[in-house]
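Q: here is the input, now give the coordinates:
(one chain, ligands or ions: 1)
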Amino acid sequence: MRLAGLLVAGAVALSGAPAFAQDRERSEHEQRVYDIYRDIIAFRTAKGHGQVDDMVSYLTARLSEAGFADEDIMVTDYDSDGDPTQGLIVRYRGNGSSGEKPIVLLAHMDVVDALPEDWVRDPFTLTEDNGYFYGRGTMDNKYGVANLTGTFIRLMEEGWTPNRDLYLVFSGDEETGMVSTRAQAKWVAENVDPDFVLNSDAGGIGLRDDFEPLAQRVQAAEKTFVTYELTVTNQGGHSSRPRKDNAIYELADALQKVRTYEFPVRATPLTRSYFAALGQAVPGELGAAMRTFAENPEDAAAVTTLRSVPEFLGTTGTTCIATMLRAGHAENALPQTATATVNCRVFPGEGVELTAQRLAEAIGNPDVGITMLGDPTESPESTLREDVGAALEKSLMTRFGRPLPIVPYMESGGTDGMHYRTLGYNTVAISGGASRPQDVYAHGLDERMRVDAFYAGLDHWTIILKVLAGS
Ligand SMILES: [Zn+2]
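A: Purely as a prediction, here's the structure:
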C-alpha cells in the first residue's frame with residue numbers, strides 16, 4: 001500500500017495534472033492488475049522482437065503463484081511466418097455442477113510495433129500523464145490480458161469455484177499471421193468445445209466528449225478482410241513506337257470502374273439494430289438517415305447519406321478500395337505489366353468468390369486478371385446471447401449504478417474472434433475498457449487509455465464470470 005502511495009505521488013509530481021488515482025490508494029485488486037499491466041507493457045511483443053515468450057513466462061509465474069496447477073497451464077510454441085511466438089491457455093477448473101460446457105475468454109499478447117524515437121514517451125514503459133496511461137498495448141490488447149489474468153488470480157485466491165470450466169486463451173500473433181490463433185481455435189474446438197466465446201479485444205464502453213459513458217458496444221460480427229491484385233500484361237516494346245494497347249492505361253481504366261462501383265446494399269438484424277440505437281444518439285441528417293435505414297434499408301436517400309461517411313459506409317455493404325500500385329520497368333519502355341492492389345472488406349455471407357466476380361463485372365475487361373492474395377477467413381455473424389446480455393447488464397449496473405444501452409455492431413475486421421465464429425462458436429467481444437472515439441490510438445502513436453476507465457473496468461470480468469458460471 002505504501003508502495004502504491006509512492007507510485008501515485010510520483011506520477012502526480014511528474015505530470016502535475018489531476019489523475020483519478022491520486023484521490024485514494026489502490027485496492028489490492030487494482031494494485032494487482034496495475035502491476036501486471038505495467039509489467040507486460042514493458043515486453044516488446046511485436047513481430048521480430050522475440051519477447052512473447054518472456055511475457056508468457058511472466059504470466060505463467062503469476063498464475064502458478066496464485067495456485068493454478070502446472071497441468072492447467074499450457075504454453076505452445078508457434079512459428080508465425082518465420083517469427084517465433086507463443087500461445088498461452090489456462091484452465092480454471094469448475095465443479096461441473098451446472099452441467100454446462102466451458103466458456104472461453106480471448107485476448108492477444110502481441111502488439112503492433114512502436115518506434116520509441118517517434119513517440120513522445122517510451123512506448124514500452126507504462127507512463128501516467130494527464131489522466132491517461134500511455135504505452136503500446138495500453139488499449140490493444142494488454143488491458144484485456146492484464147484484466148483477464150488479474151481476474152483469474154483474484155477468483156482463485158478468493159477460493160471461488162465456477163460451476164463449469166473457464167479457459168483463458170491468449171494468442172501470440174493476432175496482429176500479423178494469426179498462426180497461433182488458428183491453431184488455438186482448432187485446439188479449443190477439439191478439446192474444449194465451449195458453450196460460447198467472449199473476447200476482450202473489441203467492444204467496450206463508448207464515452208461522450210466529456211467522458212460520460214454513452215453505451216456498451218458489443219462486437220458480434222466481423223467483415224472478411226481480403227486483398228485482390230488486378231494485373232494487366234502486355235507484350236511491351238519501345239516507347240518511341242507507342243501503341244494504343246497499354247498495360248498502364250488498361251489498368252487505370254479498370255481502377256476507374258472500381259472507384260465508381262457501388263456494392264449492393266446489405267442489412268442484417270445486427271446492423272439494423274446498430275443503426276437504430278446509434279440513430280437515437282446522433283443528431284441531424286445523419287441520425288435521421290440511421291433511423292430510416294434501420295426501418296427500411298432500401299431507402300435510397302438514407303443509403304446515400306450513410307455511404308457518404310467513411311465510418312458508416314462499410315456497415316451498409318462490401319467495400320473495395322485501391323491501396324497500392326506498381327507498373328512498368330523502364331522510363332523508355334512500354335509497360336509489360338501493371339498491377340494494382342485492391343483491399344476489400346466483405347459483408348458477412350457475401351463471400352470472397354462473389355466479391356471477385358462483382359469486381360470482374362464492374363471492370364468489364366477480361367484482360368484484367370484478378371488474383372486473390374492470402375487465405376481469408378470468412379466468419380458468420382454471432383448474436384448477443386440472452387445470458388451474456390444479462391451478465392453485461394449486471395456489470396454495467398454494478399460499475400456505473402445505472403443501465404447503459406447495449407449496442408451490438410459489426411467490425412470491419414479483424415480479431416481472433418473470427419476464427420472461433422468460423423468454427424461455429426458464438427463469439428462476442430465485450431471489453432471492460434472505455435474510450436472516446438478521438439482517443440482510439442490503437443496501432444498508432446501515443447496509444448493511451450484513460451486512467452479512470454482503466455480502474456472502472458477492473459470488476460467487469462469478475463461480475464460477468466460470477467453471473468455466467470456462479471453456483
Ligand atoms: Zn487487438
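Q: every contact and neighbour count from this point should use C-alpha atoms.
A: Noted.
Q: quick one: the nearest residue to residue 447 once chain neighbours are set aside from residue 139, how far?
A: Nearest non-adjacent residue to residue 447, counting by CA to CA, 6 or more residues apart in numbering: residue 441, 4.6 Å away. According to CA to CA, to the nearest Å, residue 441 and residue 139 sit 8 Å apart.
Q: overlap of the contact sets of these two?
A: Common contacts of residue 441 and residue 139, defined by CA atoms under 8 Å, 6 or more residues apart in numbering, comprise 447-448.
Q: what about residue 395, how many neighbours?
A: Using other CA atoms under 10 Å, residue 395 has 23 other residues around it.
Q: which residues touch it?
A: Listed by CA under 8 Å, 6+ apart, the contact set of residue 395 reads 459-460, 463-464.
Q: quick one: pLDDT of it?
A: In the prediction, the pLDDT value recorded for residue 395 is 98.
Q: give me the buried positions along the helix or strand where it lies.
A: Secondary structure assigned from DSSP states H and E places residue 395 in helix 386-400. Neighbour-count burial for helix 386-400, counted by 16 or more other CA atoms under 10 Å, picks out 388, 391-396, 399.
Q: redo these as TSV? Include distance to residue 51.
A: Compiled in TSV, the buried residues of helix 386-400 are given as follows (distance: CA to CA, whole Å):
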residue	distance to residue 51
388	34
391	35
392	34
393	37
394	37
395	34
396	35
399	35
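Q: and which of the residues you listed is nearest to residue 347?
A: residue 388 (24.7 Å; CA to CA).
Q: show me where pLDDT drops low in the stretch 251-400 of the chain?
A: Of all residues in the stretch 251-400 of the chain, none has pLDDT under 70.
Q: strands of that one, start to end?
A: Assigned by DSSP state E, counting those that start in this stretch, the strands in the stretch 251-400 of the chain fall at 319-327, 333-334, 337-346, 369-373.
Q: which one of the buried residues of helix 386-400 is nearest residue 266?
A: The closest of those to residue 266 turns out to be residue 388 (CA to CA; 26.7 Å).
Q: what's the helix or strand for the residue nearest to the closest one when sequence neighbours are not counted?
A: Nearest residue to residue 388, sequence neighbours excluded (CA to CA, 6+ apart): residue 468, at 7.3 Å. Assigned by DSSP H and E, residue 468 belongs to helix 460-469.
Q: return that helix as PDB; C-alpha atoms alone will do.
A: Output in PDB follows, covering the C-alpha atoms of helix 460-469 (Å, rounded to 0.1, in the frame of the first residue of the first chain):
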ATOM      1  CA  HIS A 460     -16.100  -6.300 -15.200                       C
ATOM      2  CA  TRP A 461     -14.900  -9.800 -15.800                       C
ATOM      3  CA  THR A 462     -15.400 -10.900 -12.200                       C
ATOM      4  CA  ILE A 463     -19.100  -9.800 -12.400                       C
ATOM      5  CA  ILE A 464     -19.500 -11.400 -15.800                       C
ATOM      6  CA  LEU A 465     -18.000 -14.800 -14.800                       C
ATOM      7  CA  LYS A 466     -19.900 -14.900 -11.500                       C
ATOM      8  CA  VAL A 467     -23.200 -14.500 -13.400                       C
ATOM      9  CA  LEU A 468     -22.300 -16.900 -16.100                       C
ATOM     10  CA  ALA A 469     -20.500 -19.600 -14.000                       C
END
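Q: run through who's touching it.
A: With contact meaning CA under 8 Å, 6+ apart, helix 460-469 is reached by 98, 147-148, 151, 155, 162-164, 387-388, 391-392, 394-396, 399, 432.
Q: again with stretch 265-278
A: Taking contacts as CA under 8 Å, 6+ apart, the residues outside stretch 265-278 that touch it are 287, 290-291, 293-295, 297-298, 303, 315-317, 347, 383, 405, 407-410.
Q: distance of the nearest residue in space to residue 93 that is not next to it in sequence from residue 88?
A: In space, not counting the residues next to it along the chain, residue 93 is nearest to residue 165; the distance is 4.9 Å by CA to CA, 6+ apart. Residue 165 sits 16 Å away from residue 88 when distances are taken as CA to CA.
Q: and the strands of the stretch 251-400 of the chain, which is most packed in?
A: Mean neighbour count (mean count of other CA atoms under 10 Å) peaks for strand 337-346 among the strands of the stretch 251-400 of the chain, with a mean of 22.
Q: can you pull the contacts of the closest residue to residue 451 other than its chain neighbours?
A: Using CA to CA, 6+ apart and skipping the chain neighbours, the partner closest in space to residue 451 is residue 132 (5.0 Å). By CA under 8 Å, 6+ apart, the residues touching residue 132 are 448-451.
Q: save these as TSV, and put in secondary structure and pLDDT too.
A: As requested, the contacts of residue 132 are exported to TSV (DSSP: H, G, I helix; E, B strand; the rest coil; pLDDT from 0 to 100):
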residue	secondary structure	pLDDT
448	strand	93
449	strand	94
450	strand	93
451	helix	95
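Q: just name the closest of the residues you listed to residue 218, please.
A: When the contacts of residue 132 are compared for distance to residue 218 (CA to CA), residue 449 wins out at 18.7 Å.
Q: beta partners for that closest one?
A: residue 133 (DSSP bridges).
Q: neighbours around it, how many?
A: 27.
Q: tell me the average confidence for the helix holding residue 468?
A: 98.
Q: angle of it against helix 386-400?
A: Here the directions of helix 460-469 and helix 386-400 differ by 140 degrees (axes from the mean of the first three to the mean of the last three CA atoms, to 10 degrees).
Q: buried residues, helix 460-469. List them.
A: 460-469.
Q: can I get these in a markdown table including distance to residue 44?
A: Listed next are the buried residues of helix 460-469 as a markdown table, based on distance: CA to CA, whole Å:
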| residue | distance to residue 44 |
| --- | --- |
| 460 | 27 |
| 461 | 26 |
| 462 | 28 |
| 463 | 31 |
| 464 | 30 |
| 465 | 30 |
| 466 | 33 |
| 467 | 35 |
| 468 | 34 |
| 469 | 34 |
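Q: now do the contacts for residue 226.
A: By CA under 8 Å, 6+ apart, the contact list for residue 226 reads 343-346, 352, 372-374, 376.
Q: out of the residues you listed, the closest to residue 27 would be?
A: Lowest distance from residue 27 to these (CA to CA) belongs to residue 345, with 43.7 Å.
Q: what's the separation between that closest one and residue 299?
A: From residue 345 across to residue 299, the span is 23 Å (CA to CA).
Q: could you do residue 203 as well?
A: As defined by CA to CA, residue 203 lies at a distance of 29 Å from residue 299.
Q: repeat that for residue 400.
A: According to CA to CA, residue 400 and residue 299 sit 38 Å apart.
Q: count the neighbours of residue 300 for me.
A: Using other CA under 10 Å, residue 300 is surrounded by 13 other residues.
Q: done for today, thanks.
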